[in-house]
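Enquirer: I'd like to go over a predicted model; first the sequence, then the structure.
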2 protein chains.
Amino acid sequence: MSIISGKWKLIILFHLMPDKVLRFNELKRLIPGITQRMLTKQLRELEQSDIIERTIYPEIPPRVEYSITEYGRTLQPILQMMHQWGEAHLRRMEAAAAAHE
Amino acid sequence: MSIISGKWKLIILFHLMPDKVLRFNELKRLIPGITQRMLTKQLRELEQSDIIERTIYPEIPPRVEYSITEYGRTLQPILQMMHQWGEAHLRRMEAAAAAHE
DNA sequence: CGGTATCCACAGTGATACTG
DNA sequence: CAGTATCACTGTGGATACCG
């Protein structure tokens, strides 16, 4: 849990899964509402857990790419199941809300 | 995530899964370190999510039993996968620690 | 472009005492 | 037995400004 908990980690992983390569600002654009600080923080934590990889290209302007590691990919079945369960859960909540109208 | 995140929720579910029925103080004894307040809070949250069920027996002394709901049981495959991944993760960390000794 | 540096609010967690 | 009530602490998350 300590590896995937964090407000934005699942969303980040969702965008990098199964094998996308994205730059910092691409991720920022894909995740509305996240601040630069939080994106940096959560990316660093995922990197420290060896779930994602950070590749720096020493150019100007700077370019940094993020991608899933092989180890990170072992999380995919779990995340996929969580995603499916979450969708079903939302449908269930909607059904419950509709029921007492 | 909002349903299973919380420091003790996974541990609580682990003890109630697949179909155990436990009383408040039994859970408290099974989970060393948890305080009464936190156990109550996390149980209430799981109950509100319809993951566990709370049955009150109006006796003296009071008796309250907790059990997994049918809906809660749909989480089992996910929790089991998370558990397995977590164990593998621990072994990996140990191996990494041993490697640079 | 891809970040740090500060500062701050608040939710989550916890210790302790009390109760029907 | 199975909780509340109260108070306190701390880390996560966030807004904003600045930087090589």
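Expert: Everything's here; your move. Numbers count the residues shown, from 1 in each chain, chains lettered A, B, ... in the order given.
Enquirer: list the contacts of the most centrally placed residue in chain A.
Expert: Closest residue to the average C-alpha location of chain A: residue A:12 at 1.7 Å, with Cα atoms, centre = their mean. Listed by Cβ atoms under 8 Å, 6 or more residues apart in numbering or on different chains, the contact partners of residue A:12 are A:27, A:31, A:39, A:42, A:43, A:46, A:52. Any C-beta I mention is one placed from the backbone N, CA and C, and that applies to glycine too.
Enquirer: what do you get if the cut-off is 10 Å, keeping everything else the same?
Expert: The contact partners of residue A:12, by Cβ atoms under 10 Å, 6 or more residues apart in numbering or on different chains, come to A:6, A:22, A:27, A:30-31, A:34, A:39, A:42-43, A:45-46, A:51-52, A:66.
Enquirer: highest neighbour count among those residues?
Expert: Using other Cβ atoms under 10 Å in any protein chain shown as the neighbour test, those are led by residue A:46, with 25 neighbours.
Enquirer: surely that residue and residue A:11 touch.
Expert: No. Residue A:46 is beyond contact range of residue A:11, at 11.4 Å (criterion: Cβ atoms under 10 Å).
Enquirer: from the contacts of residue A:12, pick the one nearest residue B:91.
Expert: residue A:51 (16.6 Å; Cβ to Cβ).
Enquirer: can you get me a residue count around the residue lying closest to that closest one once chain neighbours are set aside?
Expert: Spatial nearest neighbour of residue A:51, excluding adjacent residues (Cβ to Cβ, 6 or more residues apart in numbering or on different chains): residue A:72 at 3.8 Å. The number of residues packed near residue A:72 is 22, by other Cβ under 10 Å.
Enquirer: who's in contact with residue A:72?
Expert: A:3, A:13, A:16-18, A:46-47, A:49-53, A:79.
Enquirer: which residues sit against the helix or strand bottoming out on mean pLDDT in chain A?
Expert: The weakest-scoring helix or strand in chain A, judged by mean pLDDT, DSSP states H and E, is helix A:76-99 (a mean of 95). Contact with helix A:76-99 is made by A:4, A:9-10, A:13-14, A:17-19, A:68, A:72, A:75, B:1-4, B:49-50, B:71, B:74-75, B:77-82, B:84-85, as judged by Cβ under 10 Å, 6+ apart.
Enquirer: ok and that helix relative to helix B:76-99, angle-wise?
Expert: 150 degrees (axes from the mean of the first three to the mean of the last three Cα atoms, to 10 degrees).
Enquirer: residue A:40 sits in which helix or strand?
Expert: helix A:36-48 (DSSP states H and E).
Enquirer: quick one: contacts of stretch A:22-42?
Expert: Against stretch A:22-42 from outside (Cβ under 10 Å, 6+ apart): A:6-16, A:20, A:43, A:52, A:54-55, A:57, A:62-67.
Enquirer: hmm, that stretch in reach of DNA strand C?
Expert: Yes. Stretch A:22-42 comes into contact with DNA strand C (Cβ under 7 Å from any atom of the strand), by way of A:23, A:24, A:25, A:26, A:36, A:37, A:40.
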